[in-house]
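# turn this into a model:
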Amino acid sequence: MITWSSRSDLLSCSSVEVCLTCTIMKRRHFIGSFAIGGLGTALAEGDPSVIKPSLATTPLCVMAARCDGFEAVWGVNRLSRGWLEWKLEDGHGGLAKADAFGFTPQGKDVLRVRLEGLKTNAKGRVRSHTIAADDGEITISPWKPFHILDPEAKKTRFVMWNDTHVHNESIQALHEVTPAADFLVWNGDTCNDWTRDDQLTPTLLNPGGCDITNSRPLFITWGNHDSRGAHAFRMPGVVATPNGRPFYAFRSGPVAVICLHTGEDKPDDHPSFRGRVAFDELRREQAEWLAEVIHQPDFRDAPYRVVFCHIPLRWIDERPQDYSKSGFDRHSGRSRSAWHESLVEWKTQVILSGHTHRSRWLPPTKAHPYGQLTGGGPKLHQATWTEGRADGSRLHLKVNNLEGDILHDIQIRPLV
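Predicted coordinates:
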């Protein structure tokens with residue numbers, strides 16, 4: 001829990017410090033910290049009677065953890081540049097202040113900075129520095145603890161959310177009960193549809209007004225609703241992934257993780273998409289990538305093999321749908337057809353999904369030798385959080401609802 005030094009009556013899910021009294025210099029720089037949802041303010045340049053919205057609009061969001069670092073993303077309300085300051089527990093520290101093209105990271109909606117070159121299992125704290133392009137206002141975020149992945153750890157703990165659909169009350173409740181973990185996978189349908197360009201930053205970086213990456217670095221997979229709306233194409237600019245693609249793989253302790261993009265729940269040529277999607281091509285690309293990544297040592301030799309994808313690859317009712325009416329896929333048959341061979345070859349043990357808004361466990365079968373586990377839906381009585389704990393003896397999966405009930409309790413033995 002976080003103890004508030006001020007404004008605790010306004011905010012409950014993350015930390016904020018606002019500097020309202022500043023020394024007026026030549027360019028009148030203002031030094032403060034981020035403000036959640038624009039609640040913080042700073043005095044406008046040259047006119048102390050005018051209140052200007054805080055430069056930073058979201059917490060510092062720690063995404064795409066790797067064994068040597070992570071990427072930090074935060075919202076801003078106008079064109080700015082920024083960098084990261086970091087300090088490790090062993091006393092080492094530094095700055096991350098360059099992008100892939102030699103610029104200081106810049107943006108008008110979000111800033112993204114990649115921190116890399118750290119030692120495996122590094123722990124420390126990080127904060128962001130942001131400078132506005134127009135008036136030079138400076139914002140410095142509070143220090144935030146971080147940890148990166150350790151592929152050689154003897155055990156790991158992860159958690160999963162899915163299908164939150166901007167139900168802020170459910171998000172706040174999930175944030176309250178979900179424990180600290182090595183990583184959190186937000187497994188698709190973060191939104192309803194991206195119909196406005198101002199939806200993305202608060203929905204993804206400050207959902208429900210909460211700092212969801214405090215004590216659990218975030219991975220996001222794409223759901224079918226994340227792919228909808230006129231502004232869906234902008235989501236990759238806000239969401240960081242380890243390799244810059246919507247499909248990726250990583251290792252945390254004894255668990256090898258593959259995250260895949262199942263696309264939409266109707267064919268690409270469905271008239272509702274108006275030609276905006278091309279997921280058949282993306283599935284083929286993922287199939288080629290998957291066939292290679294499963295042979296890399298960290299994945300080939302992992303005791304536990306887990307896949308996250310939003311639309312399940314199996315379901316209790318797989319009858320064909322009439323897309324000309326109200327039909328939609330309850331399972332992604334197109335994805336399964338493209339990936340099944342590699343998933344079987346890899347000896348995938350479990351696929352974790354959402355989409356159905358019903359939590360179900362489908363044990364492995366002869367035809368489909370990987371189990372399928374789905375989480376619940378967006379409303380308070382549907383919402384679930386899934387926990388995985390793995391060590392040398394077992395991978396223990398539990399699906400929990402917000403009332404404290406365990407809906408599914410599954411134990412998987414190591415392969416090697």
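
# tell me the pLDDT at T23?
Here the pLDDT value assigned to T23 is 30.

# for N121, that is, sorry about that
88.

# so where do the strands sit in the stretch 51-200 of the chain?
51-53, 61-63, 70-75, 80-88, 93-96, 106-107, 110-115, 123-132, 138-140, 144-147, 156-161, 183-187 (DSSP state E, counting those that start in this stretch).

# so can I have TSV of those showing mean neighbour count?
The way it works is simple: take the backbone N, C-alpha and C, and place the C-beta from them, glycine included. Shown next, in TSV, are the strands of the stretch 51-200 of the chain (neighbours: other C-beta atoms under 10 Å):
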stretch	mean neighbour count
strand 51-53	15
strand 61-63	27
strand 70-75	27
strand 80-88	20
strand 93-96	14
strand 106-107	16
strand 110-115	23
strand 123-132	20
strand 138-140	22
strand 144-147	20
strand 156-161	23
strand 183-187	26
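
# which of the ones you listed sits closest to P254?
Of all these, strand 156-161 sits nearest to P254, with 6.7 Å by C-beta to C-beta.

# tell me the strands beside the closest one, with direction?
Note on strand 156-161: by DSSP bridges, its sheet partners are strand 183-187 (parallel), strand 384-390 (antiparallel).

# for the longest helix along the chain, name the packing helices and strands.
Looking across the chain with DSSP state H, the single longest helix is helix 279-293. Under the contact criterion of 3 or more C-beta pairs under 8 Å, 6 or more residues apart in numbering; DSSP states H and E, helix 279-293 touches helix 333-345.

# and the helix it packs on, what's buried?
Within helix 333-345, the residues scored as buried using 16 or more other C-beta atoms under 10 Å are 333-336, 338-340, 342-343.

# please apply the same query to stretch 223-234.
223-229, 231-232, 234.

# L60: which of those is nearest?
Once C-beta to C-beta is applied, the member of those that ends up nearest L60 is R234, at 20.3 Å.

# quick one, helices of this protein?
168-177, 200-205, 279-293, 297-300, 333-345.

# who touches the shortest one?
Under the criterion C-beta atoms under 8 Å, 6 or more residues apart in numbering, residues 151, 249, 251, 256, 258, 293-294, 305, 346 lie in contact with helix 297-300.

# most neighbours, which of those residues?
A256 (27 neighbours; other C-beta atoms under 10 Å).

# what's the closest non-adjacent residue to it?
Excluding the flanking residues, the one nearest A256 by C-beta to C-beta, 6 or more residues apart in numbering is A302, at 3.4 Å.

# ok, that neighbour touching F250?
No - using C-beta atoms under 8 Å, A302 is not in contact with F250, being 10.8 Å away.

# ok, the two, which is more surrounded?
Higher neighbour count among A302 and F250: A302, with 25 against 22, using other C-beta under 10 Å.

# reformat the buried residues of helix 333-345 as TSV; add pLDDT and distance to A133.
Output for those, formatted as TSV (pLDDT from 0 to 100; distance: C-beta to C-beta, whole Å):
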residue	pLDDT	distance to A133
G333	97	48
R334	97	44
S335	98	42
R336	98	47
A338	98	44
W339	98	44
H340	98	50
S342	98	46
L343	98	47
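
# show me which of those is closest to T203.
S335 (24.7 Å).

# neighbours of the nearest residue to that closest one once chain neighbours are set aside, just the number please.
Leaving out its chain neighbours, the residue that sits closest to S335 by C-beta to C-beta, 6+ apart is T262, at 4.7 Å. Residues lying near T262 (other C-beta under 10 Å) number 31.

# T262 contacts F308, doesn't it?
No - T262 is not in contact with F308 according to C-beta under 8 Å; the separation is 10.2 Å.

# shaky segments in the chain?
Residues of the chain meeting the criterion pLDDT under 70: 1-53.

# one more time with 80, if that's ok
1-53, 416 (pLDDT under 80).

# before we move on, back to that, could the contacts of helix 297-300 go into TSV alongside distance to L95?
As requested, the contacts of helix 297-300 are exported to TSV (distance: C-beta to C-beta, whole Å):
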residue	distance to L95
P151	26
A249	29
R251	28
A256	33
I258	33
V293	32
I294	37
R305	38
W346	39
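
# between these, which sits nearest F183?
Looking across the contacts of helix 297-300 and measuring by C-beta to C-beta, the closest to F183 is R251, at 11.1 Å.

# isn't that closest one up against I148?
No - judged on C-beta under 8 Å, R251 makes no contact with I148 at a distance of 11.9 Å.

# spit out the residues that contact these two alike.
Joint contacts of R251 and I148 (C-beta under 8 Å, 6+ apart) are C67.

# separation between H408 and P59?
32 Å (C-beta to C-beta, to the nearest Å).
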